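Asks: The following block contains a protein sequence and its predicted model.
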Amino acid sequence: MAIRRPETRTAVTGPDAYEAALRSLPEAHSLALRLHDAGVADDVICSYLQIEPEGFTTLLDLARRKLTAALSKPST
């Protein structure tokens, strides 16, 4: 099952803020989002991250929630 990324990823924030938020995430979450956004197949991402395909949707959902929270934090 493919999960579509939000098209507003930089509409509210600039690309620098988005990149900084991605860098603040755990590595597996950041990589899952980057690879998925780049169009890499879900099964390839699962293989790369060494996770079961059944857990990919949950991992991606958690990664998106953490990204949203990171983007919501005020800049320092």
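Replies: Done, it's in.

Asks: Show me what the longest helix along the chain packs onto, helices and strands only.
Replies: In the chain, taking DSSP state H as the definition, the longest helix is helix 56-72. The criterion is 3 or more C-beta pairs under 8 Å, 6 or more residues apart in numbering; DSSP states H and E, and the helices and strands that helix 56-72 contacts are helix 15-24, helix 27-37, helix 42-49. In short, each C-beta sits where N, CA and C put it, glycine included.

Asks: tell me the angle it makes with helix 15-24.
Replies: Counting by axes from the mean of the first three to the mean of the last three C-alpha atoms, to 10 degrees, helix 56-72 points 130 degrees away from the direction of helix 15-24.

Asks: Output helix 56-72 as PDB, restricted to C-alpha atoms.
Replies: Taking only C-alpha atoms (Å, rounded to 0.1, in the frame of the first residue of the first chain), the coordinates of helix 56-72 have been written out as PDB:
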ATOM      1  CA  PHE A  56       6.200  -0.200   7.000                       C
ATOM      2  CA  THR A  57       2.800   1.700   7.100                       C
ATOM      3  CA  THR A  58       3.200   2.100  10.900                       C
ATOM      4  CA  LEU A  59       6.800   3.300  10.600                       C
ATOM      5  CA  LEU A  60       5.900   5.800   7.900                       C
ATOM      6  CA  ASP A  61       2.900   7.100   9.900                       C
ATOM      7  CA  LEU A  62       5.100   7.500  13.000                       C
ATOM      8  CA  ALA A  63       7.800   9.200  10.900                       C
ATOM      9  CA  ARG A  64       5.300  11.700   9.500                       C
ATOM     10  CA  ARG A  65       3.900  12.400  12.900                       C
ATOM     11  CA  LYS A  66       7.400  13.100  14.300                       C
ATOM     12  CA  LEU A  67       8.100  15.300  11.200                       C
ATOM     13  CA  THR A  68       5.000  17.300  11.800                       C
ATOM     14  CA  ALA A  69       5.900  17.700  15.400                       C
ATOM     15  CA  ALA A  70       9.400  18.800  14.500                       C
ATOM     16  CA  LEU A  71       8.000  21.300  12.000                       C
ATOM     17  CA  SER A  72       5.600  22.700  14.600                       C
END
